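# My questions concern the predicted model and sequence given below.
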Number of protein chains: 2
Amino acid sequence: MEDGTFKSVTHTDVCATASCEIRDLLDRLADKWSLLIIEMLGEGARRFSELHREIDQISQRMLTLTLRHLERDGLVLRTVHPVVPPRVDYELTSLGESLLSAVFPLVTWTREHRHEVAAARGTYDTRRAPGEHSRV
Amino acid sequence: MEDGTFKSVTHTDVCATASCEIRDLLDRLADKWSLLIIEMLGEGARRFSELHREIDQISQRMLTLTLRHLERDGLVLRTVHPVVPPRVDYELTSLGESLLSAVFPLVTWTREHRHEVAAARGTYDTRRAPGEHSRV
DNA sequence: CGGCATCCTAAGGGATACTG
DNA sequence: CAGTATCCCTTAGGATGCCG
């Protein structure tokens, strides 16, 4: 149930409020890697190099940046072990885990409706492509 | 055409798969306006100018682009009324509505944990700011 | 190993002007 | 009204190299 909370406000307020929340949300998750890292850590703690290996398309710069960002937001816990060579572990905080749960429905949605979206795209594209030489 | 041909799933592909789904998801929602528009349309159909007024921070360029994108993905239905002056209505498709439901938990999460995140940020920032003149 | 610092490009997106 | 087209600037983020 979506319950009343969401719409218990006036029209413009819905906009302003929603806008704020959504910006908040996006600022936290909408970059290229945050969600992916959160999902990986959802399976258990990992050290830096493990993450880097598992997501080998990511640059170490981005891995570092994203982890810092997540750490700053209290979603990820960073543990530095004072050994040589250095070892750093990352894991989800409980806050991070709660976020992960909130993300699940969305990932599920994506998986379940991927084909519908692809189909819609196909329809859209072919319906306006045929006449004209569609732009690249 | 694009589906099925995708991949054979192996261990690294667990990552690749998640990565793929998440990239998919983000490509659809992670821009500055899509989610917001979806939420607005979740309350009911709107015409172009109404959306523009309600989200008045958006440029008409971005409004158009975003709506086209959503339409292409089958999330939004665009109806042109052949009148002068022109009138165009936008509404969520059932696919769009299903997405909206999947988004709700996340919006709720954001609202409920906003303060925790802010607090974590504060802690993080003050814990490394005091010694050094923090960079811009 | 884990991470900064630097450089550089591609894309996102705002402002403005024009059109059917 | 509901767009399109252009220009322009800011940002994300990849590649590379150095350091404790």
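Great, that's in hand. Numbers count the residues shown, from 1 in each chain, chains lettered A, B, ... in the order given.

# Now chain A against DNA strand D: closest residue?
The minimum distance from chain A to DNA strand D, using CB to the nearest atom of the strand, falls at A:K32 (2.9 Å). Bear in mind the C-beta positions are built from the backbone N, C-alpha and C, glycine included.

# Shouldn't that residue be within a strand?
No: under DSSP: H, G, I helix; E, B strand; the rest coil, A:K32 sits outside any strand and is assigned coil.

# contacting residues around it?
By CB atoms under 8 Å, 6 or more residues apart in numbering or on different chains, the contact set of A:K32 is A:62, B:23, B:26.

# elements contacting the lengthiest helix in chain A?
Identified as the longest helix of chain A according to DSSP state H is helix A:94-128. Counting contacts by 3 or more CB pairs under 8 Å, 6 or more residues apart in numbering or on different chains; DSSP states H and E, helix A:94-128 is packed against helix A:34-42, helix B:11-29, helix B:60-72, helix B:94-128.

# what about it and DNA strand D, touching?
No: residues of helix A:94-128 are not located near DNA strand D by CB under 7 Å from any atom of the strand, the shortest gap being 10.0 Å.

# who in chain A is up against DNA strand D?
Within chain A, the positions near DNA strand D by CB under 7 Å from any atom of the strand are A:31-33, A:58-62, A:85-86.

# Intersect those residues with the contacts of DNA strand C.
Counting by CB under 7 Å from any atom of the strand, A:60-61, A:85-86 from the residues of chain A next to DNA strand D sit close to DNA strand C.

# picking that back up, just send the helices and strands packed on helix A:94-128 back as CSV, with distance to A:V76 too.
Output for the helices and strands packed on helix A:94-128, formatted as CSV (distance: least, CB to CB, whole Å):
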stretch, distance to A:V76
helix A:34-42, 6
helix B:11-29, 16
helix B:60-72, 31
helix B:94-128, 10
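
# so which of those is the most packed in?
Per residue and on average, the most neighbours among those fall to helix A:34-42, with a mean of 22 (mean count of other CB atoms under 10 Å in any protein chain shown).

# Could you name the helices and strands sitting against that one?
Contacts defined by 3+ CB pairs under 8 Å, 6+ apart place helix A:34-42 against helix A:11-29, helix A:48-54, helix A:60-72, strand A:76-81, strand A:87-92, helix A:94-128, helix B:11-29.

# Averaged pLDDT, that helix. What do you get?
Averaged over helix A:34-42, pLDDT sits at 95.

# and that helix with strand A:76-81, angle?
Angle, helix A:34-42 to strand A:76-81, by axes from the mean of the first three to the mean of the last three CA atoms, to 10 degrees: 60 degrees.

# ok now do the residue positioned nearest the centre of chain A, which residues does it touch?
Centrality entry for chain A: nearest residue to the mean C-alpha point is A:L35, 2.7 Å, by CA atoms, centre = their mean. By CB under 8 Å, 6+ apart, A:L35 lies in contact with A:29, A:103, B:22, B:25-26.

# switch the cut-off to 7 Å
By CB atoms under 7 Å, 6 or more residues apart in numbering or on different chains, the residues touching A:L35 are A:29, A:103, B:22, B:26.

# before we move on, what about A:L41?
Counted by CB under 7 Å, 6+ apart, A:L41 has contacts A:76, A:90-92, A:96.

# From those residues, pick the one nearest A:A18.
Nearest to A:A18, judged by CB to CB, of the contacts of A:L41 is A:G96 at 23.9 Å.

# Once you drop chain neighbours, what's closest to that closest one?
Residue nearest to A:G96 in three dimensions, not counting chain neighbours: A:L75, with 3.8 Å by CB to CB, 6 or more residues apart in numbering or on different chains.

# And the one you found, how far from A:V83?
To A:V83, A:L75 is 26 Å away according to CB to CB, to the nearest Å.

# neighbour count winner among those two?
Ranked by neighbour count (other CB atoms under 10 Å in any protein chain shown), A:L75 and A:V83 place A:L75 first, with 28 against 7.

# isn't the more buried one right next to A:E97, touching?
No: assessed by CB atoms under 7 Å, A:L75 is found out of contact with A:E97, at 8.9 Å.

# quick one: which of the helices and strands packed on helix A:94-128 is nearest A:V107?
helix B:11-29 (5.9 Å).
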